[in-house]
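>>> mind folding the following:
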Amino acid sequence: MEENEELNDEGLAHENSQDSLTRVTGMYKDWFLDYASYVILERAVPAIEDGFKPVQRRIMHALKELDDGRYNKVANVVGHTMQYHPHGDASIADAMVQIGQKDLLIDTQGNWGNILTGDSAAASRYIEARLSKFALDVVYSPKITDWQLSYDGRKKEPINLPVKFPLLLAQGAEGIAVGLSTKILPHNFNELIDASIKHLRGQRFKLFPDFPTAGIIDVTNYNDGMRGGKVRVRAKISTLDKNTLVINEIPFATNTSSLIDSILKANDKGKIKIKKIEDNTAAEVEILVHLPSGISPDKTIDALYAFTSCESSISPLGCIIEDNKPLFIGVKEMLERSTDYTVELLKAELEIQLGELEEQWHFSSLERIFIENRIYRDIEEEETWEGVISAIDKGLKPHTKHLKREVTEDDIVRLTEIRIKRISKFDLEKAQQLIESLEERIAQTKHHLEHLVDYAIDYFKDLKKKYGKGRERKSEIKIFDDIEATKVVIRNTKLYVNREEGFIGTSLRKDEYVTDCSDIDDIIVFTKKGEMMVTKVDSKTFVGKNIIHVGVFKKKDSRTTYNMIYKDGRGGPSYIKRFNVTGVTRDKMYQLAGGKTSAEVLYFSANPNGEAEIITVMLRQSGSIKKLKWDLDFADLLIKGRASKGNLVTKYPVKRIELKEKGVSTLKPRKIWFDDVVSRLNVDGRGELLGDFKGDDLLLIIDQKGKVKTIPPDLLTRFNDDMVVLEKWNPKKPISVVHYEGEKERYYIKRFLIENPNREEQVISEHPKSFMELVSTDWRPMIEIEFAKPRGKEAKPNQQVNIEDFISVKGIKAIGNQLTTEKVKNINAMEPLPFEEPQETAPEEIEVVDEESVSGNNGNGDMENADGSEQTSLF
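Residues are numbered from 1 along each chain as shown. Below is the predicted model of the structure:
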């Protein structure tokens with residue numbers, strides 16, 4: 001533009017030639033806001049009043065217009081909807097399929113796709129639909145519906161449908177608009193009704209999602225469905241046998257195809273090891289994951305959650321439209337608004353119903369007066385219409401004092417339209433009964449209006465009774481345990497070291513092999529100069545020359561103990577120290593030997609269970625030194641931090657240090673707890689204390705099906721919900737079981753010891769009617785038998801049984817002794833008899849094996865033992 005041009009407020013530039021230009025900034029501002037508003041209001045975000053987006057509302061309106069009780073081709077419904085929706089048929093058909101797959105508003109017929117497998121629906125010309133009974137009851141009420149003209153002005157469509165149910169929360173909604181989005185998760189049908197009733201009663205309530213794909217969900221951070229919240233969802237995975245896992249439920253927003261793809265990708269990357277996958281999904285999900293022999297099922301389940309789509313995280317975002325504006329609210333407020341709106345709709349329906357009933361009563365009363373008093377005869381002499389109206393009005397006046405409103409001309413006109421046939425067959429008694437029934441209905445309607453909240457509560461209860469069956473919660477709510485990926489990943493690569501040059505990595509195949517590791521592991525390295533570094537595993541990494549120890553680093557590992565003797569600089573004294581490394585900064589070099597450039601490590605060992613060896617220190621002959629050789633026991637030293645200087649060994653030059661005797665663990669037995677919230681073992685004090693566990697101690701597990709086994713207390717073990725006994729196993733303590741033998745139809749007691757540790761055994765018969773009634777691991781258990789009452793007789797008195805006296809300890813496969821021949825009502829456990837359990841002598845030094853042994857090499861190039869025993873480096 002020229003300098004003499006002037007810009008007005010509208011962004012117009014006027015030249016001398018009177019030509020005008022529009023500034024592009026103004027165009028963008030108006031057009032973008034118009035477009036953004038249109039997408040938000042007309043496409044992506046649902047309204048709070050009925051829970052529908054515009055396309056969904058128009059589909060439901062079209063279905064109602066076409067409804068005659070029979071199925072309609074979806075293509076016909078789509079075509080009818082296009083009278084109201086100014087967009088293509090594909091978007092309408094897709095939206096209709098999504099509504100149909102939610103199995104609430106549309107009764108479907110044909111191939112509508114499968115949300116479990118991800119299969120799409122057949123073409124709209126091949127599938128059919130009609131409104132469900134629930135939709136007909138809840139969604140429509142033309143008398144209280146507000147209408148507007150369609151986009152072309154030819155038709156009328158509802159502004160909002162009068163939905164008398166929190167439909168938005170039941171179906172969920174997801175949409176991406178311009179500048180905002182919404183993601184409202186689906187909730188359980190019955191729980192929404194219960195919450196609405198609680199809101200009407202002024203009680204507190206909580207709402208959590210429920211997904212059609214079922215699965216397990218952790219709603220700890222749901223945050224009422226608002227921004228910043230998170231729902232963790234997991235597939236339901238169980239162990240079919242020791243080499244097979246079965247997935248029966250999948251996370252929301254996934255399907256079996258995508259889930260299997262993610263498992264195969266994790267297998268290809270070496271994160272997990274599987275043999276093959278079978279997808280047997282039909283009406284129910286069934287994915288079989290076959291494992292190679294030697295692979296832990298429990299560890300694989302954790303790995304599936306850590307590295308595949310078997311676990312995902314969903315971030316809700318509650319955004320709705322109210323008064324043509326987007327509003328961000330939580331699901332609690334959504335339900336409250338929806339419930340209050342339902343009450344308003346019910347009130348409006350009742351008021352309309354009351355008006356109609358009163359009109360019906362009014363005319364029925366007029367009709368009775370008109371016929372009973374033969375007022376129709378008064379019009380015989382009248383020749384004009386005005387005279388007829390006047391005659392009837394005059395004849396009615398003496399009899400209308402009890403009416404609730406004045407008689408209008410329209411009322412009189414209706415009376416004149418009564419046929420002679422009706423007058424001749426008029427039954428006064430039936431007319432009176434009709435009026436009385438109308439009065440009852442009017443009184444009932446007025447009562448509902450006066451007690452509107454109670455009426456609304458009854459309305460919701462009726463909805464639950466009619467439609468709640470089969471809509472129980474599908475997703476199981478649990479608190480998830482945190483899975484450390486480094487603990488469950490398969491060790492899919494090999495680690496090598498070049499000690500002299502100071503390189504470690506997975507590509508140094510010509511150098512010394514250290515251990516198997518995974519590509520996400522951290523590696524801890526110690527050098528002869530007394531330096532330590534933790535670094536991520538890579539193909540080749542330089543850490544420092546003269547490496548003396550390499551191993552896989554485990555964060556927060558307080559059991560692995562490092563024993564070290566070092567010389568503090570040239571000619572300096574020698575110190576001894578024991579320390580743990582629980583947490584570090586990755587790729588930072590730590591000084592463990594004083595930090596002097598001439599410092600040197602004289603002896604080093606890494607001990608996965610805190611072992612403390614005995615060494616022999618030999619000095620060089622120097623001056624008047626009398627004692628040139630003596631023994632040192634690392635067990636005499638306290639375990640301190642890695643930065644501690646340590647205790648003085650000698651100020652004289654050391655000739656060499658030799659290992660005299662391998663050590664045992666100086667750590668106390670490990671306390672293990674069971675957290676029943678997440679059904680996992682832990683060492684953090686959460687849940688019930690199971691006991692102090694030494695290296696060879698086992699856990700005893702008995703489930704409701706009568707399966708008994710003992711296993712090592714591995715923190716990665718998963719436990720089934722039907723477990724009835726979980727405790728530290730005492731090999732000398734008998735197990736007592738009361739069971740019903742299905743074949744003999746009698747109760748038996750058996751008492752046994754476990755003969756084969758680490759092996760699962762069945763202690764009741766496999767007859768379909770057999771079951772385990774009671775199990776006890778007390779030394780001297782007592783039970784009480786409550787007998788059934790025979791017909792016409794008194795019940796036999798309860799009988800107490802001392803199981804120790806009743807039966808001796810027998811083999812695990814024995815059926816046991818028959819408890820009684822009488823018919824039993826109940827068998828109850830009683831307080832056990834006192835028994836002084838023999839106390840074990842608590843040893844001071846015990847070896848406790850951790851979940852995974854730390855792998856590494858010693859300074860002489862000798863590989864560490866596979867059982868995780870100590871390694872020693874000597875310089």
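
>>> centre of the chain to the helix or strand harbouring Gln98, how far?
Secondary structure from DSSP states H and E places Gln98 in helix 89-101. Chain-centre distance of helix 89-101: 28 Å, with CA atoms, centre = their mean, to the nearest Å.

>>> doesn't Ser124 make contact with Gly110?
No: at 9.8 Å, Gly110 does not count as touching Ser124 under the criterion of CB atoms under 8 Å. Where you see a C-beta, it was placed from the backbone N, CA and C, and this is true even at glycine.

>>> dump the residue contacts of the nearest residue to Val489 once chain neighbours are set aside.
Leaving aside its chain neighbours, Val489 sits nearest to Ser518 (4.2 Å; criterion: CB to CB, 6 or more residues apart in numbering). Going by CB atoms under 8 Å, 6 or more residues apart in numbering, Ser518 touches 270-271, 486, 489-493, 537.

>>> helices along the stretch 101-250 of the chain, start to end?
Here the stretch 101-250 of the chain has its helices, by DSSP state H, counting those that start in this stretch, at 133-138, 167-171, 189-200.

>>> go through those and pick out the most buried.
Highest mean neighbour count of those: helix 167-171, a mean of 24 (counted as mean count of other CB atoms under 10 Å).

>>> against which helices or strands is it packed?
helix 189-200, helix 331-372 (3 or more CB pairs under 8 Å, 6 or more residues apart in numbering; DSSP states H and E).

>>> and those helices, which is most packed in?
When the helices and strands packed on helix 167-171 are scored by mean count of other CB under 10 Å, the highest mean neighbour count falls to helix 189-200 (a mean of 22).

>>> avg pLDDT for that helix?
In this model, helix 189-200 has an average pLDDT of 96.

>>> list the contacts of that helix.
Residues contacting helix 189-200 (CB under 8 Å, 6+ apart): 104, 165-166, 169-170, 204-208, 210, 335-336, 338-339, 342-343, 453, 456-457, 460-461, 463-464, 467-468, 471-473.

>>> ditto for stretch 298-314
With contacts defined as CB under 8 Å, 6+ apart, stretch 298-314 is touched by 183, 185, 230-235, 237, 239, 245, 247, 251-254, 258-259, 262-263, 265-266, 269, 271-274, 289, 291, 480, 483, 485, 487-490, 714, 716-718.

>>> Lys529 versus Tyr590, what's the distance?
11 Å (CB to CB, to the nearest Å).

>>> which one's more surrounded, the two?
Neighbours per residue, other CB atoms under 10 Å: of Tyr590 and Lys529, the larger number sits with Lys529, 21 against 16.

>>> so which bits of the helix holding Gln98 are buried?
By neighbour count with 16 or more other CB atoms under 10 Å, helix 89-101 contains the buried residues 92-93, 95-101.

>>> make TSV from the helices and strands packed on helix 167-171 and add distance to Arg586 to it.
As requested, the helices and strands packed on helix 167-171 are arranged in TSV below (distance: least, CB to CB, whole Å):
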stretch	distance to Arg586
helix 189-200	46
helix 331-372	41
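
>>> out of these, which comes closest to Glu65?
Nearest to Glu65, of all these, is helix 331-372, at 20.8 Å by CB to CB.

>>> elements contacting that closest one?
helix 167-171, helix 189-200, helix 385-396, helix 409-416, helix 428-450, helix 452-467.

>>> what about 7 Å?
helix 167-171, helix 189-200, helix 409-416, helix 428-450, helix 452-467 (3 or more CB pairs under 7 Å, 6 or more residues apart in numbering; DSSP states H and E).

>>> name the SS class of Lys660, please.
Put simply, Lys660 is strand when judged by DSSP: H, G, I helix; E, B strand; the rest coil.

>>> typed the wrong thing, it's Gly691
At Gly691, secondary structure determined by three-state DSSP is strand.

>>> how deep is the residue lying closest to it once chain neighbours are set aside tucked in, by neighbour count?
Of all residues not flanking Gly691 in the chain, Lys728 sits nearest, at 3.8 Å (CB to CB, 6+ apart). Counted with other CB under 10 Å, residues neighbouring Lys728 total 15.

>>> can you give me the buried ones in stretch 107-120?
108, 110, 112-117.

>>> can you pull the contacts of Asp67?
Asp67 is in contact with 130-131, counting by CB atoms under 7 Å, 6 or more residues apart in numbering.

>>> look up phi and psi at it.
Per-residue torsions, Asp67: phi -70, psi 120 (degrees, to the nearest 10).

>>> which residues of the stretch 701-850 of the chain score low on pLDDT?
By pLDDT under 70, the weakly predicted segments of the stretch 701-850 of the chain are 838-850.

>>> strands along that one, start to end?
For the stretch 701-850 of the chain, the strands defined by DSSP state E, counting those that start in this stretch occupy 707-711, 723-728, 735-741, 746-752, 761-762, 771-776, 782-787, 799-802, 817-820, 824-830.

>>> let me know which of those is tucked in deepest.
Per residue and on average, the most neighbours among those fall to strand 735-741, with a mean of 22 (mean count of other CB under 10 Å).

>>> Tyr151 touches Met82, doesn't it?
No: with contact defined as CB atoms under 7 Å, Tyr151 does not reach Met82; the gap is 10.2 Å.

>>> any idea how far the residue located most distally from the centre of the chain lies from Glu372?
Centroid-distance maximum for the chain: Glu381 at 83.9 Å, with CA atoms, centre = their mean. Glu381 is 21 Å from Glu372, where distance means CB to CB.
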